[in-house]
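Undergrad: quick one, structure for this:
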Amino acid sequence: MSQSMAQQPHTGAGYFFKGMSLAMQPGTRRFVLLPLLINILLFGSAFTYVLMQLDDWINSWMSSLPTWLDWLSYLLWPLLAIAALVTFSYFFSTIANWIAAPFNGLLAEHLEAKLTGAKTPDAGLRTILKDLPRIMHREWVKLKYYLPKAIGLLILMWIPAIGQTIGPVLWFLFSAWMMSIQYADYPFDNHKVPFPAMRDALKQKRGKSLGFGALVMLFTMTPLLNLVVMPIAVCGATAMWVDHYRGQFRNY
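TA: Purely as a prediction, here's the structure:
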């Protein structure tokens, strides 16, 4: 029995916490370093700017609310703050993942070999460069899946009262789903599993996927914690792949 199966978490959130321990294990840390540095540099500068501007953005947004709904301001302010943080968290996370995608795939590949007892792949810079076009195409496929739905939700959130109330909640759930897709896709893509097949597999375990993605999203929204979330999420998603999906896609 593999190390992963022997300590299989019961929930999606459990896989995120398992990713924390896996990311710190000997033999894994060296593959964590580069994605970690990319995340620190990007989120460290971007989130400082966002937090400095957040109050002005929300007050401007609230000014579009009809005067007879002023009593909703105490409820809407925290919801809009969460929506803004989720929006920018996902935006910056997407950029970071585009930059770090080849190294995240390498981390997922080596961790899977360690969890399953398989031979460690001999992948270096030459292998990364050879796979770069396929990896970037996969990131573009995920972006095309994301954009139409994100635009629809953003339009909804500009509708006074109704949209500004339920929009942030729907946006968080959608972002949690996209975080699950983003990080689970690394081990799926390493095995050349097509994007639609990967998406449908995650839908079959939607609760686990949303639980994992929601915790990734919460950490991505949290200053300081968001600096380390990327490699942890890759490790957690890889453990989830090994436990729940690897056997299903063994022929790929």
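Undergrad: and stretch 22-38, average pLDDT?
TA: Stretch 22-38 comes out with an average pLDDT of 81.
Undergrad: ok, and what's touching that stretch?
TA: Identification of contacts with stretch 22-38 by C-beta atoms under 8 Å, 6 or more residues apart in numbering yields 96, 99-100, 103-104, 106-107, 110-111, 114, 227-228, 230-232, 234-236, 238-239. The way it works is simple: take the backbone N, C-alpha and C, and place the C-beta from them, glycine included.
Undergrad: ok, now stretch 212-220?
TA: Under C-beta under 8 Å, 6+ apart, the answer for stretch 212-220 is 12-13, 15-16, 86, 89-90, 93, 172-173, 175-181, 183-184, 225-226, 229, 232-233, 236-237, 240.
Undergrad: tell me where the model's unsure across the stretch 1-150 of the chain.
TA: 1-7, 43, 57-59, 61-77, 79-80, 83, 86, 89-90, 121-128 (pLDDT under 70).
Undergrad: redo that, cut-off 50
TA: Filtered on pLDDT under 50, the stretch 1-150 of the chain yields the residue ranges 1-5.
Undergrad: can you give me the strands in it?
TA: When assigned using DSSP state E, counting those that start in this stretch, the stretch 1-150 of the chain turns out to have no strands.
Undergrad: quick one, helices of it?
TA: 3-6, 12-23, 29-62, 73-116, 125-157 (DSSP state H, counting those that start in this stretch).
Undergrad: which elements pack onto the fourth one?
TA: Applying 3 or more C-beta pairs under 8 Å, 6 or more residues apart in numbering; DSSP states H and E, one finds that helix 73-116 makes contact with helix 3-6, helix 29-62, helix 125-157, helix 162-190, helix 206-221, helix 229-244.
Undergrad: ok so, going back, switch the helices of the stretch 1-150 of the chain over to JSON lines; also include mean neighbour count and distance to residue 217.
TA: Listed next are the helices of the stretch 1-150 of the chain as JSON lines, based on neighbours: other C-beta atoms under 10 Å; distance: least, C-beta to C-beta, whole Å:
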{"stretch": "helix 3-6", "mean neighbour count": "14", "distance to residue 217": "24"}
{"stretch": "helix 12-23", "mean neighbour count": "22", "distance to residue 217": "10"}
{"stretch": "helix 29-62", "mean neighbour count": "16", "distance to residue 217": "14"}
{"stretch": "helix 73-116", "mean neighbour count": "20", "distance to residue 217": "7"}
{"stretch": "helix 125-157", "mean neighbour count": "14", "distance to residue 217": "14"}
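Undergrad: any idea which of these gets closest to residue 193?
TA: Ranking those by proximity to residue 193 (C-beta to C-beta) places helix 125-157 first, at 10.3 Å.
Undergrad: relative to helix 162-190, how tilted is that closest one?
TA: 160 degrees (axes from the mean of the first three to the mean of the last three C-alpha atoms, to 10 degrees).
Undergrad: now for helix 125-157, which elements pack on it?
TA: Secondary-structure packing of helix 125-157 (3+ C-beta pairs under 8 Å, 6+ apart): helix 73-116, helix 162-190, helix 195-204.
Undergrad: tell me the pLDDT of the most centrally placed residue in the chain.
TA: Taking C-alpha atoms, centre = their mean, the centroid of the chain lies closest to residue 179, which sits 2.8 Å from it. The model reports residue 179 with a pLDDT of 93.
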